[in-house]
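**Student:** Build me a model from this:
(one chain, ligands or ions: 1)
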Amino acid sequence: MEIAILPGDGIGPEICREAVKVIRTIAEKRNLKLDMWEGLVGGAALDIYGKPLPEETLEKALNSRAVLLGAVGGPKWDHVEYHLRPERALLALRERLGLYANLRPVVVFPELISASPLKEEVIKDTDILIIRELTGDVYFGTPRGIIKENGKRVGINTMRYDEEEIRRIARIAFESAMKRKKKVTSVDKSNVLECSVLWREVVSEVGKEFPEVELKHMYVDNCAMQLLWNPRQFDVIVTSNLFGDILSDEGAMITGSIGLLPSASLGVKHAMYEPIHGSAPDIAGQNSANPLATILSVAMMFRHSLAEPGIALAIEEAVRLILKEGYRTKEIWHDGEKLIGTSEMGDLVVGKLSEIL
Ligand code: NAD
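**Tutor:** Down below sits the predicted model:
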């Protein structure tokens, strides 16, 4: 099985190096044939090929079972033309790989509970999977643009979903819920938007195929409030592109530790896994970035693309145990805990994983 590793910019290469160590250990221990191929993306690719997503990289991504991406971007490329910006590579990859479902687990690790800006009693035991539709909505609907009307400038975007787009993301939500606590909360704004009325109808239709799953509908404004008020009430949240963009960042802040949150973007044939954080240019090259979000993205890869849920659980357990033993990278370190660097964190997870597997 081929896995494309696209480290990208800033801390991307450092955190991907640790994730690769984890994949190698698993391949050895479990005797799996996992071929890894590394490619340039983002600013690193722009510097050499003159574009952020070279053909060679895209080709390999298309021919791989899964893609692991570090992060792209940085001040060096902040002033290049819009279509050449490193971040454009991400959008192009999503589009070319047909990635329509973005999965972001929001799990509060008991050892890091104090990292959250919210109170312990509110966030304790939070374990949510936010599923965001990724290829529709106002981000892609037409007509769009800025036009002149009666001498005034008018900005236009179009919120648009067809029923098939809603059905396929709803299915991912119900299937995911079947492997969890069997609860789906579908988030929309159907009191105001026709697009949301259709969303609610289609999600309810799909829900009938999953009678064991409890389905609840919630308006997005209420959901934004409920996430902070009582996050434990949620199991799987499914929502459209725009609402998901906002709610998933809100969800990330419940945990308070950006260096620990993985994500998966799934399509029919392809999948891409990446930490939710960016390229952190302020700490790049210092061996201080937290590689755990990338390592946890590898866990998602084993769960969703490589049909190895047991290995996914083993990676997650190894991370949990290392945190329990008090090891921390700089951004989550407090007095009395053991301060370590990026590569040491990778080595510790690999060691623990070797014991578990
Ligand atoms: P960022 O996520 O890179 O950094 C925000 C803060 O979090 C920084 O202080 C950084 O040091 C810290 N941080 C992030 N990841 C960390 C980790 N693993 N360990 C320890 N600390 C970590 O966001 P930003 O500063 O707004 O953006 C920097 C660059 O990354 C920009 O060019 C932006 O466009 C790009 N970006 C890329 C992606 C992506 O590749 N998916 C996502 C967001 C931002």
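
**Student:** Can you name the residues of the stretch 201-350 of the chain sitting close to the ligand?
**Tutor:** Residues of the stretch 201-350 of the chain lying close to the ligand (C-beta under 6 Å from any ligand atom) are 258-259, 274, 277-283, 289-290, 293, 331. Heads up, the C-betas are built off the backbone N, CA and C, glycines and all.

**Student:** Please apply the same query to the stretch 1-150 of the chain.
**Tutor:** 11, 71, 72, 73, 74, 87, 90.

**Student:** Point me to the helix or strand that includes the last one.
**Tutor:** With elements taken from DSSP states H and E, the one containing residue 90 is helix 86-96.

**Student:** circling back: restricted to strands, list the residues of the stretch 201-350 of the chain next to the ligand.
**Tutor:** residue 274 (DSSP state E).

**Student:** and residue 182, what does it touch?
**Tutor:** Residues in contact with residue 182 (C-beta atoms under 8 Å, 6 or more residues apart in numbering) are 212, 213, 214, 235.

**Student:** Just the residues of the stretch 1-150 of the chain next to the ligand: which are in helices?
**Tutor:** Under the assignment DSSP state H, those contribute 87, 90 to helices.

**Student:** Not counting its neighbours along the chain, what's nearest residue 75?
**Tutor:** For residue 75, ignoring the flanking residues on the chain, the nearest one in space by C-beta to C-beta, 6 or more residues apart in numbering is residue 281 at 5.9 Å.

**Student:** Let's verify the most centrally placed residue in the chain: helix, strand, or coil?
**Tutor:** The chain has residue 263 as the residue nearest its centroid, 2.0 Å off, counting by C-alpha atoms, centre = their mean. When classified by DSSP: H, G, I helix; E, B strand; the rest coil, residue 263 comes out as strand.

**Student:** one step back: could you work out the most separated pair of the residues of the stretch 201-350 of the chain next to the ligand?
**Tutor:** Spatially, the most separated pair among those is 274 and 282, at 19.2 Å (C-beta to C-beta).

**Student:** which one of those two has more residues nearby?
**Tutor:** residue 274 (26 against 11; other C-beta atoms under 10 Å).

**Student:** surely that one meets residue 297?
**Tutor:** Yes - under the criterion of C-beta atoms under 8 Å, residue 274 makes contact with residue 297 at 5.8 Å.

**Student:** For the two, list the residues in contact with both.
**Tutor:** 68, 262, 263.

**Student:** Closest one of the residues you listed to residue 203?
**Tutor:** Among the shared contacts of residue 274 and residue 297, residue 263 lies closest to residue 203 (C-beta to C-beta), at 21.8 Å.

**Student:** Identify the bridge partners of that closest one.
**Tutor:** Beta bridges link residue 263 to residue 274, judged by DSSP bridges.

**Student:** Leaving aside the residues adjacent along the chain, what's closest to the residue of the stretch 51-200 of the chain found nearest the ligand?
**Tutor:** Here the residue of the stretch 51-200 of the chain nearest the ligand is residue 73; by C-beta to the nearest ligand atom that distance is 2.6 Å. Once flanking residues are discounted, residue 73 sits nearest to residue 86: 4.5 Å by C-beta to C-beta, 6+ apart.

**Student:** ok, now how distant is the residue in the stretch 201-350 of the chain that the ligand sits nearest to from residue 70?
**Tutor:** Nearest residue of the stretch 201-350 of the chain to the ligand (C-beta to the nearest ligand atom) works out as residue 278 at 2.5 Å. Distance of residue 278 to residue 70, computed by C-beta to C-beta, to the nearest Å: 10 Å.

**Student:** what's the offset of the helix or strand where residue 323 lies from the middle of its chain?
**Tutor:** Using DSSP H and E, residue 323 sits within helix 309-324. Distance of helix 309-324 from the chain centroid (C-alpha atoms, centre = their mean, to the nearest Å) equals 18 Å.

**Student:** For the helix or strand that that helix is followed by, give me every contacting residue.
**Tutor:** Next helix or strand after helix 309-324 toward the C-terminus (DSSP H and E): strand 327-328. Contact with strand 327-328 is made by 334, 337, 338, 339, 340, 344, 345, 348, as judged by C-beta under 8 Å, 6+ apart.

**Student:** The second one: what's it in contact with?
**Tutor:** Contacts here follow C-beta under 8 Å, 6+ apart; on that basis residue 337 touches 326, 327, 328.

**Student:** try 10 Å
**Tutor:** Contacts for residue 337 (C-beta atoms under 10 Å, 6 or more residues apart in numbering) come out as 111, 323, 325, 326, 327, 328.

**Student:** Using a markdown table, please lay out the contacts of residue 182 together with pLDDT.
**Tutor:** Output for the contacts of residue 182, formatted as a markdown table (pLDDT from 0 to 100):
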| residue | pLDDT |
| --- | --- |
| 212 | 98 |
| 213 | 98 |
| 214 | 98 |
| 235 | 98 |
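
**Student:** From these, pick the one nearest residue 190.
**Tutor:** Using C-beta to C-beta, the contacts of residue 182 come closest to residue 190 at residue 214, 18.9 Å.

**Student:** so the closest one touches residue 178, yeah?
**Tutor:** No - counting by C-beta atoms under 10 Å, residue 214 stays clear of residue 178, with 11.6 Å between them.

**Student:** what number of residues lie near the nearest residue to residue 165 once chain neighbours are set aside?
**Tutor:** Nearest residue to residue 165 in three dimensions, chain neighbours excluded: residue 136, at 4.9 Å (C-beta to C-beta, 6+ apart). By other C-beta under 10 Å, the residues close to residue 136 number 20.
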